[in-house]
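Engineer: sequence and predicted structure, then a few things I'm wondering about:
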Amino acid sequence: MSKNRLTDLNDHLFAAVERLSDEDLKGDGLKEEIDRAKAISSVALNIINNGKLLLDAQLAVKERYLESGALPKMLEAGPAEKPKK
């Protein structure tokens, strides 16, 4: 099963919070965990922003173009290809 769902991202974020909450973590170990949490947070923000962009685009197409039956040329796409096995 793929680990590329927003629920999986949520699990990773909460796991990072749990690691940061470990009161026994000190010194270099704590610094490494803080750096790791910052990296995870940065990547997560990009994933969330990308998802929001896709959703906004989908809503805009539905709202503005599907009723008229025409898409701007740059948004037109051919038929979807079936995944290769």
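Structural biologist: Happy to help now that I have it. Numbers count the residues shown, from 1 in each chain.
Engineer: sec struct for residue 24, please.
Structural biologist: Secondary structure of residue 24, reduced to three states by DSSP: H, G, I helix; E, B strand; the rest coil: coil.
Engineer: and the pLDDT for it?
Structural biologist: Predicted confidence (pLDDT) for residue 24: 95.
Engineer: next: residue 15.
Structural biologist: In this prediction residue 15 is given a pLDDT of 95.
Engineer: what helix or strand does it sit in?
Structural biologist: helix 6-20 (DSSP states H and E).
Engineer: again with residue 45
Structural biologist: Taking DSSP H and E as the criterion, residue 45 maps to helix 27-64.
Engineer: state the pLDDT value of residue 68.
Structural biologist: At residue 68, the model reports a pLDDT of 64.
Engineer: what does residue 38 give?
Structural biologist: Value listed for residue 38 in the pLDDT field: 97.
Engineer: burial count for it?
Structural biologist: Here the count is done by other CB atoms under 10 Å, and residue 38 has 11 residues near it. C-beta here means a position set from N, CA and C on the backbone, and glycine is covered the same way.
Engineer: any idea how far it lies from residue 61?
Structural biologist: 35 Å (CB to CB, to the nearest Å).
Engineer: what residues does residue 48 make contact with?
Structural biologist: The neighbours of residue 48, taking CB atoms under 8 Å, 6 or more residues apart in numbering as the test, are 6, 9.
Engineer: residue 35 and residue 4, how far apart?
Structural biologist: Using CB to CB, one gets 24 Å for the distance from residue 35 to residue 4.
Engineer: okay, and for this protein, where does confidence drop off?
Structural biologist: Residues of the chain meeting the criterion pLDDT under 70: 1-3, 65-85.
Engineer: run the chain-centre distance for the helix holding residue 45.
Structural biologist: 5 Å (CA atoms, centre = their mean, to the nearest Å).
Engineer: can you tell me which residues contact the residue nearest the centre of the chain?
Structural biologist: Centre of the chain computed as the mean C-alpha position; nearest residue by CA atoms, centre = their mean is residue 47, 2.5 Å away. Counting by CB under 8 Å, 6+ apart, residue 47 makes contact with 6, 9.
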